[in-house]
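*Asks:* just coords:
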């Protein structure tokens, strides 16, 4: 019985499909507002060669650090921001399927059964009634409204995928920066320990000379003060290391662990990443691609809003039967069917549809401004990274000279003091200058690495494509 109903219902669906294929093809009433190019970029970056550059790919591998590589894989597999982004992407794909479903036919099987008792001239009559029917409907998209909505959600889904790519790039940069911050803090701790040991050795010498009556008490107090000051710096670096490692652990989806990030305390030489030319940003930066796709989506929604002001046409069909017995529903003489073309033209809606057109046009202009700002910020990111990198590189050169000069000055001051040629103040001054210069050099070397990492982040790239494709394929 059910099969018979479905078979007869399919007749209605077939009629609808034939009617649709013979109908006028849907046409859009909206001309796209997007004109290429959307923005003109400068030809080159400040102080850089004007020539294309190859993709930097998985840039962190150029540091040649297996611990960093391992942490990257941990982050890509367990970072919770990335996990959330995948779910948002899945939601956008579901919205595409939901929106696309409105462009297809709808078929429902409906059944009803009941018993009724009524009084007649011949007496009370009890009668069973059963009804089974198939109802189908299809909206003819003559003005392209449904197609525009589908295209809009499809652009949004693609934008979400590019958002995920941008997040991969952001997470990789955050992780590398935290990793080398931890390396710097370990190096600062090692330098502090060396300084404490050196100051302790100096204090021992001063104490011996004081006991021998060769130096005044003020020298002893100043030396102790120097040592105490150096020791006071150690908890600061230890705290910075702990908070950095904790952030590194959370970034990889783990509870804070003091062992995260290994025990490396030697800062490497930062690799160089060619900036290329500004026009490459439009395809290399996923945030720019995302902004462009959302602009396309908002443009499609203008078309849908305009089409909604025109008549809508729905093809509706019903087929079924009724009987006092379940088995004879489709064999009884009470068979019914109908095929209707329903049309509806908005007449009075108090300006709602016109206001919706105005709203979507305003959203488009807003997204156009967002796109322009995204491009400008991308250009600014690279210019800032290049300027900071150049400044950090120059600062490192000068700090190396400062450290070398400070080493020599400290050796001379200490030698002259031990020979009784000067008081302790020159030694105190040079010790503080020396440790400050070495600490500043470590900080500047790490800052130079951060500048290069931010440049890699600003350049974007397509290295995350393979991981996203692999993860989406495995989920399906």
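*Replies:* Arrived safely. Small disclaimer: the values here were computed from a predicted structure and weren't measured.
*Asks:* Would you mind measuring from the residue at minimal distance from the centre of the chain to residue 161?
*Replies:* Taking C-alpha atoms, centre = their mean, the centroid of the chain lies closest to residue 167, which sits 2.7 Å from it. Residue 167 is 11 Å from residue 161, where distance means C-beta to C-beta, to the nearest Å. Heads up, the C-betas are built off the backbone N, CA and C, glycines and all.
*Asks:* if we can go back for a sec, report the contact partners of the residue nearest to the centre of the chain.
*Replies:* 81-82, 85 (C-beta atoms under 8 Å, 6 or more residues apart in numbering).
*Asks:* can we see that at 6 Å?
*Replies:* residue 85 (C-beta atoms under 6 Å, 6 or more residues apart in numbering).
*Asks:* where's it relative to residue 110, distance?
*Replies:* 47 Å.
*Asks:* and what of residue 409?
*Replies:* 96 Å.
*Asks:* the more surrounded of these two?
*Replies:* residue 409 (15 against 12; other C-beta atoms under 10 Å).
*Asks:* Quick check: phi and psi on the more buried one?
*Replies:* For residue 409, the backbone dihedrals (degrees, to the nearest 10) come out as phi -60, psi -40.
*Asks:* Longest strand in this structure, please.
*Replies:* Taking DSSP state E as the criterion, the chain has its longest strand at strand 123-140.
*Asks:* Residue 337 falls within a strand, correct?
*Replies:* Yes - checked against DSSP: H, G, I helix; E, B strand; the rest coil, residue 337 lies within a strand.
*Asks:* so where do the strands sit in the protein?
*Replies:* Using DSSP E, strands in the chain cover 106-120, 123-140, 312-323, 335-344.
*Asks:* As a markdown table, those with mean pLDDT would be great.
*Replies:* Formatted as a markdown table, these follow (pLDDT from 0 to 100):
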| stretch | mean pLDDT |
| --- | --- |
| strand 106-120 | 84 |
| strand 123-140 | 86 |
| strand 312-323 | 89 |
| strand 335-344 | 88 |
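*Asks:* export the ones you listed to JSON lines and tack on distance to residue 229?
*Replies:* Below are the strands of the chain laid out as JSON lines (distance: least, C-beta to C-beta, whole Å):
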{"stretch": "strand 106-120", "distance to residue 229": "79"}
{"stretch": "strand 123-140", "distance to residue 229": "79"}
{"stretch": "strand 312-323", "distance to residue 229": "81"}
{"stretch": "strand 335-344", "distance to residue 229": "84"}
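*Asks:* Find the residue ranges of this structure scoring beneath the pLDDT cut-off.
*Replies:* 1-28, 47, 49-50, 330, 332, 474-476 (pLDDT under 70).
*Asks:* Okay, helices next: where are they in it?
*Replies:* Applying DSSP state H to the chain gives helices spanning 2-22, 66-78, 80-101, 145-211, 217-251, 281-284, 286-307, 352-418, 425-459, 465-475.
*Asks:* looking at those, which is closest to residue 338?
*Replies:* The minimum distance between residue 338 and those falls on helix 2-22, with 9.2 Å, by C-beta to C-beta.
*Asks:* Could you check how far residue 65 is from residue 71?
*Replies:* When residue 65 is compared with residue 71 (using C-beta to C-beta), they lie 9 Å apart.
*Asks:* Equivalent analysis for residue 302, please.
*Replies:* 46 Å.
*Asks:* for residue 131, same thing?
*Replies:* 66 Å.
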